[in-house]
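> Okay, here's the prediction I keep looking at, along with the sequence it came from:
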Amino acid sequence: MNPADARDALERDPDLPGRLLVTERDVLIPLLRARAEEDFALRTACPGWTVRHVVAHCGSALMRVVEGRFEEGVFSPESNDRDIAERADWPVSRVVDELERGMTEAGPAIVKAGGALDAVALGEWIHAGDVRDAFGAPGAYAGDGLPYALTLLVQRAREKSSVSLHADLDDMDAVS
């Protein structure tokens with residue numbers, strides 16, 4: 001992404017969050033399915049959370065989007081902890097299945113929200129990197145989804161009137 005691309009990012013592409021989710025799904029789900037169950041006990045960059053916690057959180061958050069379940073306090077730390085606890089007895093395969101379904105189905109629901117849920121897709125991309133990092137994967141936060149994530153980040157930073165942001169990642173730049 002060059003500075004001209006970043007300027008173009010001012011105009012919201014409603015399908016971008018869904019593209020990011022599907023792009024990440026196509027990389028992350030096979031990685032998760034190839035790992036041993038004990039790998040889901042590895043610690044992540046998220047304080048107190050293992051890979052299993054992150055995957056459970058992501059799957060539940062996306063299914064909330066798909067199903068339109070937005071009760072008061074949704075996505076708060078307490079809500080996230082409850083969602084993770086509800087999945088504690090699930091087999092790892094079921095937790096991964098839920099994540100795959102959410103990453104597949106959330107795009108249209110995000111489009112319908114008119115931008116209000118775009119940050120959910122960005123959060124999922126970040127957490128996918130957290131999982132890859134816990135597994136020791138090189139370039140955990142790189143990959144095909146990076147340009148989509150940077151575009152969403154630029155849009156989010158501008159939307160929130162944040163201080164100027166400049167990300168210089170090898171051959172891509174993002175400026176807000």
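Okay, I see it. Predicted model only: the values in this text are computed from it and were never measured. Numbering: from 1, shown residues only.
> for the lengthiest helix in the chain, the distance to its chain's centre please.
Assignment by DSSP state H gives helix 92-112 as the longest helix of the chain. On the basis of Cα atoms, centre = their mean, to the nearest Å, helix 92-112 sits 11 Å off its chain's mean C-alpha point.
> Then stretch 133-153?
The answer for stretch 133-153 is 10 Å, by Cα atoms, centre = their mean.
> Put the alpha carbons of that stretch into PDB.
Provided in PDB are the C-alpha atoms of stretch 133-153 (Å, rounded to 0.1, in the frame of the first residue of the first chain):
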ATOM      1  CA  ASP A 133       3.100 -16.100  16.700                       C
ATOM      2  CA  ALA A 134       2.300 -18.500  19.600                       C
ATOM      3  CA  PHE A 135       3.100 -21.400  17.200                       C
ATOM      4  CA  GLY A 136       6.400 -19.700  16.300                       C
ATOM      5  CA  ALA A 137       5.400 -19.100  12.700                       C
ATOM      6  CA  PRO A 138       7.700 -16.600  10.900                       C
ATOM      7  CA  GLY A 139       5.900 -13.500   9.700                       C
ATOM      8  CA  ALA A 140       3.000 -14.100  12.000                       C
ATOM      9  CA  TYR A 141       1.300 -10.800  11.200                       C
ATOM     10  CA  ALA A 142       2.300 -10.800   7.500                       C
ATOM     11  CA  GLY A 143       0.600 -12.700   4.600                       C
ATOM     12  CA  ASP A 144      -2.100 -12.100   2.000                       C
ATOM     13  CA  GLY A 145      -4.400 -10.400   4.500                       C
ATOM     14  CA  LEU A 146      -1.900  -7.600   5.500                       C
ATOM     15  CA  PRO A 147      -3.000  -5.100   2.800                       C
ATOM     16  CA  TYR A 148      -6.600  -5.600   3.700                       C
ATOM     17  CA  ALA A 149      -5.800  -5.200   7.400                       C
ATOM     18  CA  LEU A 150      -3.800  -2.000   6.800                       C
ATOM     19  CA  THR A 151      -6.600  -0.500   4.800                       C
ATOM     20  CA  LEU A 152      -9.000  -1.200   7.600                       C
ATOM     21  CA  LEU A 153      -6.600   0.200  10.100                       C
END
